[in-house]
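Undergrad: For reference, the sequence and a predicted model appear below.
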Amino acid sequence: QKEVEQDPGPLSVPEGAIVSLNCTYSNSAFQYFMWYRQYSRKGPELLMYTYSSGNKEDGRFTAQVDKSSKYISLFIRDSQPSDSATYLCALGRLTGGGNKLTFGTGTQLKVEL
Amino acid sequence: EADIYQTPRYLVIGTGKKITLECSQTMGHDKMYWYQQDPGMELHLIHYSYGVNSTEKGDLSSESTVSRIRTEHFPLTLESARPSHTSQYLCASSVPGLNYGYTFGSGTRLTVV
């Protein structure tokens, strides 16, 4: 069983829609929860991070963490064509060798005009 | 704009050739990583380094090798390329602490024919 499962998509939504992207995880040792955005032919870029259960907002983006259910979500409000990208969840924990990130497989999002 | 650079961006090479993928960062980050990314799959850590003269293998077995002679430089070498090495290779760096995400380069798309 994978440590992190991400809804694979792909998702196609109309401009202005609310988008929900989700990941579940099995290891309660994860302490930090991140979302990366990856445009085509580019490397992932950090979009949001949080370390506690609850919501964290940044503009049109909201990261939600539910540690009791081992479930994280990214919501995008008023989605724009420029949001079209692959979104990866990444979960961080301390290991014997230092901090380590485990990534989901990514959800490909397309926002259409 | 990320201050981590990967060259070449694209490489098509014949089986059996030796190749080196370059990765440099100008942020003074101690930690650097190499990931392999295939379509629909999660990022797999193949090598990491916590500083000069420190290198470790990651979770995914790889026939590549790395070196870290200078803080800013973390090249990856394949002594004898095979078609199974065809993939996207992403380099990343970070500062200590889980609450700092990774900064990724744009990747090298390697095709071995």
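TA: Great, that's in hand.
Undergrad: When you work out contacts or count neighbours from here on, use the C-alpha atoms and nothing else.
TA: Noted.
Undergrad: Is A:Gln38 bridged to anything, and to what?
TA: A:Thr86 (DSSP bridges).
Undergrad: Next up, the contacts around it.
TA: Neighbour list for A:Gln38: A:Pro44, A:Glu45, A:Ala85, A:Thr86, A:Tyr87, A:Leu88 [criterion: C-alpha atoms under 8 Å, 6 or more residues apart in numbering or on different chains].
Undergrad: Show me the strands in chain A, by range?
TA: A:4-6, A:11-14, A:19-25, A:32-38, A:45-50, A:54-58, A:61-66, A:71-76, A:85-95, A:98-103, A:107-112 (DSSP state E).
Undergrad: can you redo the ones you listed as a markdown table with mean pLDDT?
TA: Listed next are these as a markdown table, based on pLDDT from 0 to 100:
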| stretch | mean pLDDT |
| --- | --- |
| strand A:4-6 | 94 |
| strand A:11-14 | 96 |
| strand A:19-25 | 96 |
| strand A:32-38 | 95 |
| strand A:45-50 | 92 |
| strand A:54-58 | 94 |
| strand A:61-66 | 96 |
| strand A:71-76 | 97 |
| strand A:85-95 | 89 |
| strand A:98-103 | 80 |
| strand A:107-112 | 96 |
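Undergrad: For B:Leu60, which of these is the nearest?
TA: B:Leu60 lies closest to strand A:98-103 among the strands of chain A, at 12.3 Å (C-alpha to C-alpha).
Undergrad: Count the residues that sit near residue 37.
TA: I'll assume chain A. Other residues lying near A:Arg37 total 22 when counted by other C-alpha atoms under 10 Å in any protein chain shown.
Undergrad: I was thinking of chain B, sorry if that wasn't clear
TA: Neighbour count for B:Gln37, taken as other C-alpha under 10 Å: 18.
Undergrad: Enumerate the residues of chain A near chain B.
TA: Residues of chain A found near chain B (C-alpha under 8 Å from any C-alpha of the partner chain) are A:8, A:32, A:34, A:41-46, A:49-51, A:92-94, A:99-100, A:103-106.
Undergrad: try it again with 7 Å
TA: By the rule C-alpha under 7 Å from any C-alpha of the partner chain, the part of chain A lying against chain B is A:32, A:41-46, A:92, A:99, A:103-106.
Undergrad: rewinding a little: columns distance to B:His44 on top of the strands of chain A, output as CSV?
TA: Compiled in CSV, these are given as follows (distance: least, C-alpha to C-alpha, whole Å):
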stretch, distance to B:His44
strand A:4-6, 13
strand A:11-14, 23
strand A:19-25, 17
strand A:32-38, 15
strand A:45-50, 16
strand A:54-58, 28
strand A:61-66, 24
strand A:71-76, 21
strand A:85-95, 12
strand A:98-103, 8
strand A:107-112, 16
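Undergrad: Now A:Thr105. Nearest residue, chain neighbours left out?
TA: Excluding its sequence neighbours, the residue lying closest to A:Thr105 (C-alpha to C-alpha, 6 or more residues apart in numbering or on different chains) is B:Glu42, at 3.8 Å.
Undergrad: Then B:Val95?
TA: Closest residue to B:Val95 apart from its sequence neighbours, by C-alpha to C-alpha, 6+ apart: B:His29 at 5.3 Å.
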